[in-house]
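1. Below are the sequence and a predicted model; questions follow.
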Amino acid sequence: MHFTYCPHCGTKTGKKEIGDEGVIPFCEKCNIPLWDTFTTSIIAAVVNEQNEIALLRQNYVSSTKYVCVAGIMKIGESAEGTVVREIKEEIGLDVENVQYIKSYPYEKKEMLMLGYKAVVKKDDFRLSKEVDSANWVKFEEALARLREGSIAFDIKPVCVYSVLGKNRVNETGEESFGMLYYAEIKTFEQELHSEMEQVLLLDELPGKWTYPQIQPLLVDEVRNYIAGLRIYCADREKT
Ligand SMILES: [Zn+2]
């Protein structure tokens, strides 16, 4: 949320430059900066000792797809505390162990999502009114069942590259830079919702490229990167 009025006294906010943060809404009357705020929410993968994950149906979210336990943090609560509370409230289970995984911004709702893994003993669910049903689902089946749009992937930077010379997208021919990423995709959505017509999975490199001078080189770089990762994993298994 971006403050146009001070939430404490109702005065229209001004602007003030605050160090590296840049120009921030400022209340002259209260003499305080009013930083943009967002809601913090936890989302938890609730798992049991049999490699199963609790997937919920909440008809107010979607009547056809599953979701994970999630909830808004309360003032004075630790994020781990929210995880334990929400799991107890939504599915009636006691958490034995909480482990932080990662965070991500859910920009549409101005939320910061903190992702956790929560371990519980397998038991029957005692559902809150917010939850319409819940199931224990094997890990292998869980991703496909999760809510549409929740595509599972992992993305890692590989290297910076540069291109010299004129082409269709570079009229001056000056050196331009790009960042090469490697994405490990675990689940695709059923349908494509972009300008793309089709995604093909190929074992061999195709013969035709849009930019033949650079694209095969980038693919090679990613192959070297993956090979490096495998060597690293093998080394770790030895020790
Ligand atoms: Zn004020």
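-> Great, that's in hand.
2. Setting the sequence-adjacent residues aside, check what's closest to the most centrally placed residue in the chain.
-> For the chain, Tyr104 is the residue whose C-alpha lies nearest the centre (C-alpha atoms, centre = their mean; 4.5 Å). In this structure, Tyr104 finds its nearest non-sequential neighbour in Met113, 5.3 Å apart by C-beta to C-beta, 6 or more residues apart in numbering. (Each C-beta comes from the backbone N, C-alpha and C, glycine too.)
3. I'd like to know the beta-bridge partner residues of the one you found.
-> Applying DSSP bridges to Met113 yields these beta-bridge partners: Ser41, Tyr104.
4. tell me what the longest helix along the chain is packed against?
-> Assignment by DSSP state H gives helix 215-238 as the longest helix of the chain. With contacts taken as 3 or more C-beta pairs under 8 Å, 6 or more residues apart in numbering; DSSP states H and E, helix 215-238 sits against strand 153-163, strand 176-185.
5. interface residues of this structure facing the ion?
-> For the chain, the contact set with the ion under C-beta under 5 Å from the ion comprises 6, 8-9, 11, 27, 29-30.
6. Of those, which is the most crowded?
-> When the residues of the chain next to the ion are compared by neighbour count (other C-beta atoms under 10 Å), Cys27 ends up highest, at 21 neighbours.
7. Can you name the residues that contact that one?
-> By C-beta atoms under 8 Å, 6 or more residues apart in numbering, the contact set of Cys27 is 6, 8-9, 11, 13-14, 34.
8. who's in contact with the nearest residue to it once chain neighbours are set aside?
-> In space, Cys27 comes closest to Cys6 once its chain neighbours are excluded; the distance is 3.8 Å by C-beta to C-beta, 6+ apart. Going by C-beta under 8 Å, 6+ apart, Cys6 touches 12-13, 27, 29-30, 32, 34.
9. If anything else comes up later, I'll come back, but that's it for now.
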